[in-house]
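> Got a predicted model here, sequence first, then my questions.
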Number of protein chains: 2
Amino acid sequence: MKVTINDVARLAGVSMKTVSRVINKEPSVRKKTYDTVMNAVKELNYQPNLAARNLAGTSSFTVGLVYDNPNAYYVIDMQNGVLSRCKDEGYELVIHPCSYTDPNMEADLITMIKRSRLAGLVLTPPLSEQSSITNLLDELNIHYVRVLAGRPSDDDQGSCIYVNDYKAAYEITTHLLTHGHENIGFICGDKEHKSTSERLEGYKAALADHHKEFDKRFIYDGKYSFESGVEGAKNLLADNNTLAITAILGGNDEMAAGALFASRLMGIAIPEQLSITGFEDSPFSRQTWPKLTTAHQANDVISQHAARLLFTKTRGARNQDKDIITSFTPSIVIRESSGPKQ
Amino acid sequence: MKVTINDVARLAGVSMKTVSRVINKEPSVRKKTYDTVMNAVKELNYQPNLAARNLAGTSSFTVGLVYDNPNAYYVIDMQNGVLSRCKDEGYELVIHPCSYTDPNMEADLITMIKRSRLAGLVLTPPLSEQSSITNLLDELNIHYVRVLAGRPSDDDQGSCIYVNDYKAAYEITTHLLTHGHENIGFICGDKEHKSTSERLEGYKAALADHHKEFDKRFIYDGKYSFESGVEGAKNLLADNNTLAITAILGGNDEMAAGALFASRLMGIAIPEQLSITGFEDSPFSRQTWPKLTTAHQANDVISQHAARLLFTKTRGARNQDKDIITSFTPSIVIRESSGPKQ
DNA sequence: TAGCTTATTGACAGCGTTGTCATTCTAACT
DNA sequence: AGTTAGAATGACAACGCTGTCAATAAGCTA
């Protein structure tokens, strides 16, 4: 019923240590021995016991995914990406949702790390931006990889995956500018998120390159929520649109959907009277009416790379994948919610 | 740095076995001893090592969550619910997304179970409905709890959590009927899902109780996807609405949102010309315009109960929580997408 | 072919817990 | 006080694997 490394060793006619070497892909195992062992593994359908490996080995086969993100689509994507790599490499994933406003957050994190002696962690925004967490992990000597909004080469120590929101926002703003829009509103996300400032900077840069002055009356501080998108649009378009706004850039799809909702309430036609764009390309950017122009962020791919990067860190020098992409730029997807200024 | 059971034992002046008894809440430990040990645990901030417990013990401290569901909101809710119970009980959660169309699904499942020697599994729909899976688990002697669409007392062996979609659909249909709607369309979900037939039965029962004949021309077979909701509405309202439909019941929120989208394209005013209702109360039922009338399903609560039920099964007779609710009926939430017939 | 170096393999301890079973207490009886 | 049942505790092996280090086999040089 339960197959152990000893059963495999017996069948293959080698010591259990040799079997261990084979399943860990250690060097200096003769090809022929390797094959014999692998055949035995397959014949018995052997699966190494994770608990035993974690207990005996110096490095564990468990990684953690830490997130504080209300966006279910985002979390699922990240999770699936990391998970798919874990499956390939025989790792196990422990997920750890948390809230950075929770005073117990760090204690909880430590508890988890201790309980499952983790090989490493993948940190997603906005937690990946908090130095209190990275400091803590450095102190505990835990490997981690951060997924971050930002432009590469900041203070990277080779453990970051960057999502270039700056560039994406630049492009989406440019898209609107080249369609004749002059007065473009921007609904920002949480001030605390790096992505917010990166996206705003991209917007500003595009304006500058088109010789338009930045005007903070066009900016609304939202919260990355649908509701704040509603508020944002109402605010920007207040008093019968005194600002003469013809396009609104949502800091994410939810806020853009909120802006759409608000426009609908105000009887504004999209995209005829107002262009609206989102950010992230989450599923519901395709489920609004009209569908949202947005910037596609390949979260599943990003998280896969994050996991790979973590694995190479964990395993030290050997197995250095050098083809891990560590910088991603969301690509804009043009749908029906944006169009030329009329 | 790393605190083990021995450190606690030494500090408390007892054997490590006694510490083990304390942290496992075993009987026959003197109150005084218990307190001494607990103080030592707290002082050292001791966390039992999960790998060691899983390896040494007869039952493991790891449970799995298996799902095949494209709905991110649903998955996250289930996950969070199970996770919150796990945290309380010191268990670890391993998630296992899979696809029932994948020929390797069962092999993958077995691999996971072997790798992490699971204490038990929580199965969510539609996988919870597949006898191939439950048979497999029975064979492997793995505990499991199923979350199911259905009415209690079917073939329950005390390991099911029921979601009474029948009743909820009955109520939502009644809501429409009492508002004067006579011709009510129904966009079904996947045929393979139990929830689809349960919801349809509820719809039929409500019609019957209002002395209305069931007419299958009012039924559209969808796929629980936004797109199929669009198609469903187009179909039901075809030829300038020859069926004179004034209300459409979406099998879930996504399809209802799709129907809303399609209505918009056809220039139909919601809810003035057509009432639309959803099912599940997922976040985007609040992000459509107008917001969807729907049936609220407390997935986080449901999954918490599923986890609790699993724990009591795992731990055998002791710790029998008798207050675990095993049947839930979604409650209808009336919003702006439905109204009286005009 | 002997002699040496290096590649390959194996024996055994130990990872941090729990299960088993033996031992020592405690308290309630004669 | 002397028994004794039963409660409370402890000693030690075992869980399935990996790390260390020693042993053997293979390959190379002269």
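Thanks, I have the structure now.
> Would you agree residue A:140 is in contact with residue A:111?
No: taking CB atoms under 8 Å as the definition, residue A:140 is not a contact partner of residue A:111, at 11.9 Å. Where C-beta positions appear, they are placed from N, C-alpha and C, glycine not excepted.
> Give me the common contacts of those two.
By CB atoms under 8 Å, 6 or more residues apart in numbering or on different chains, residue A:140 and residue A:111 have no common neighbours.
> now the helices for chain A?
For chain A, helices defined by DSSP state H occupy the ranges A:5-12, A:16-23, A:31-44, A:50-56, A:72-89, A:105-116, A:131-140, A:165-178, A:194-209, A:226-236, A:238-241, A:253-265, A:299-314.
> Would you format those helices as a markdown table with mean neighbour count and distance to residue B:326 included?
Listed next are the helices of chain A as a markdown table, based on neighbours: other CB atoms under 10 Å in any protein chain shown; distance: least, CB to CB, whole Å:
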| stretch | mean neighbour count | distance to residue B:326 |
| --- | --- | --- |
| helix A:5-12 | 18 | 40 |
| helix A:16-23 | 19 | 42 |
| helix A:31-44 | 15 | 39 |
| helix A:50-56 | 20 | 31 |
| helix A:72-89 | 21 | 26 |
| helix A:105-116 | 18 | 29 |
| helix A:131-140 | 14 | 39 |
| helix A:165-178 | 22 | 46 |
| helix A:194-209 | 20 | 42 |
| helix A:226-236 | 23 | 34 |
| helix A:238-241 | 10 | 51 |
| helix A:253-265 | 26 | 35 |
| helix A:299-314 | 22 | 35 |
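> now the ones you listed as TSV including mean pLDDT and distance to residue B:133?
Shown next, in TSV, are these (pLDDT from 0 to 100; distance: least, CB to CB, whole Å):
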stretch	mean pLDDT	distance to residue B:133
helix A:5-12	96	27
helix A:16-23	96	28
helix A:31-44	96	24
helix A:50-56	95	22
helix A:72-89	94	19
helix A:105-116	90	27
helix A:131-140	90	38
helix A:165-178	97	41
helix A:194-209	97	40
helix A:226-236	95	36
helix A:238-241	92	56
helix A:253-265	92	35
helix A:299-314	92	25
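> Turn those helices into TSV, columns for distance to residue B:107.
Conversion of the helices of chain A to TSV gives the following (distance: least, CB to CB, whole Å):
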stretch	distance to residue B:107
helix A:5-12	18
helix A:16-23	18
helix A:31-44	12
helix A:50-56	17
helix A:72-89	12
helix A:105-116	25
helix A:131-140	36
helix A:165-178	40
helix A:194-209	40
helix A:226-236	41
helix A:238-241	60
helix A:253-265	37
helix A:299-314	22
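> residues in the stretch 51-200 of chain A within reach of chain B, list them.
A:51-52, A:54-55, A:60, A:72-73, A:75-76, A:79-80, A:83, A:87, A:90, A:92-95, A:97, A:108, A:111, A:114-117 (CB under 8 Å from any CB of the partner chain).
> Keep only these that also lie close to DNA strand D.
Applying CB under 7 Å from any atom of the strand to these, one finds that A:52, A:55 fall near DNA strand D.
> what about residue A:123, how many neighbours?
Around residue A:123 there are 26 other residues, counting by other CB atoms under 10 Å in any protein chain shown.
> interface residues of chain A facing DNA strand D?
Counting by CB under 7 Å from any atom of the strand, chain A sits next to DNA strand D at A:2, A:4-6, A:16-17, A:20, A:23-24, A:46, A:48-49, A:52-53, A:55-59.
> Residue A:259 contacts residue A:228, doesn't it?
No: the criterion here is CB under 8 Å, and residue A:259 misses it with residue A:228 at 9.7 Å.
> what sits in contact with each of those two?
Joint contacts of residue A:259 and residue A:228 (CB under 8 Å, 6+ apart) are residue A:187.
> quick one: residue A:216 and chain B, what's the gap?
Using CB to the nearest CB, to the nearest Å, residue A:216 is found at 28 Å from chain B.
> With residue A:337 instead?
From residue A:337 across to chain B, the span is 13 Å (CB to the nearest CB).
> and the gap between that residue and residue A:296?
14 Å (CB to CB, to the nearest Å).
> So for these two, which sits in the more crowded spot?
residue A:337 (28 against 15).
> okay but the more buried one is in contact with residue A:273, surely?
No: counting by CB under 8 Å, residue A:337 stays clear of residue A:273, with 11.9 Å between them.
> Contact partners for residue A:90?
A:48, A:61, B:115.
> check whether stretch A:118-127 contacts DNA strand C.
No: Stretch A:118-127 does not reach DNA strand C (CB under 7 Å from any atom of the strand); its nearest approach is 14.0 Å.
> Pull out the buried positions in that stretch.
A:118-127 (16 or more other CB atoms under 10 Å in any protein chain shown).
> First-to-last residue distance for that stretch?
Taking CA to CA, to the nearest Å, stretch A:118-127 runs 18 Å from one end to the other.
> Can you tell me how far the residue at minimal distance from the centre of chain A is from DNA strand D?
What sits nearest the mean C-alpha location of chain A, by CA atoms, centre = their mean, is residue A:299, with 5.1 Å. Residue A:299 sits 32 Å away from DNA strand D, going by CB to the nearest atom of the strand, to the nearest Å.
> likewise residue A:284?
44 Å.
> what's the pLDDT at that residue?
Looking at residue A:284, its pLDDT reads 79.
> what's the neighbour count on the residue nearest to it when sequence neighbours are not counted?
Computed as CB to CB, 6 or more residues apart in numbering or on different chains, the closest residue to residue A:284 that is not its neighbour in sequence is residue B:284, at 5.4 Å. By other CB under 10 Å, the residues close to residue B:284 number 25.
> how about residue B:284, what does it touch?
A:284, A:287, B:73, B:253-254, B:257.
> Let me know the closest of those to DNA strand C.
Taking CB to the nearest atom of the strand as the measure, DNA strand C lies nearest residue B:73 of the contacts of residue B:284, at 36.1 Å.
> Pretty sure the closest one sits against residue B:285.
No: shown here, residue B:73 and residue B:285 do not form a contact pair, counting by CB under 8 Å, at 9.8 Å.
> gap between residue A:112 and DNA strand D?
Residue A:112 is 21 Å from DNA strand D, where distance means CB to the nearest atom of the strand.
> Break chain A down into its domains, please.
Using automatic domain parsing, the domain parsing of chain A gives A:5-48, A:62-164+A:299-328, A:165-297.
> so which of the ones you listed gets nearest residue B:279?
Checking those against residue B:279 by CB to CB gives domain A:165-297 as the closest, at 15.7 Å.
> Endpoints of the closest one, how far apart?
OK, domain A:165-297 end separation, CA to CA: 9 Å.
> gap between residue A:283 and residue B:286?
From residue A:283 across to residue B:286, the span is 16 Å (CB to CB).
> if I pick residue A:222, what's in contact with it?
A:187-190, A:228-229, A:231-232, A:251, A:255 are the contacts of residue A:222 under CB under 8 Å, 6+ apart.
> Give me the pLDDT for it.
You'll see residue A:222 listed with a pLDDT of 97.
> any idea how far it lies from residue A:333?
Relative to residue A:333, and taking CB to CB, residue A:222 is found at 21 Å.
> do the same with residue A:24
From residue A:24 to residue A:333 the distance is 43 Å (CB to CB).
> burial of the residue lying closest to residue A:297 once chain neighbours are set aside, as a residue count?
Once flanking residues are discounted, residue A:297 sits nearest to residue A:330: 4.4 Å by CB to CB, 6+ apart. By the criterion of other CB under 10 Å, residue A:330 has 23 neighbours.
> Now do the same for residue A:330: its pLDDT.
pLDDT for residue A:330: 96.
> in terms of contact, does it touch residue A:166 like I think?
No: contact criterion CB under 8 Å: residue A:330 and residue A:166 do not qualify, at 10.3 Å.
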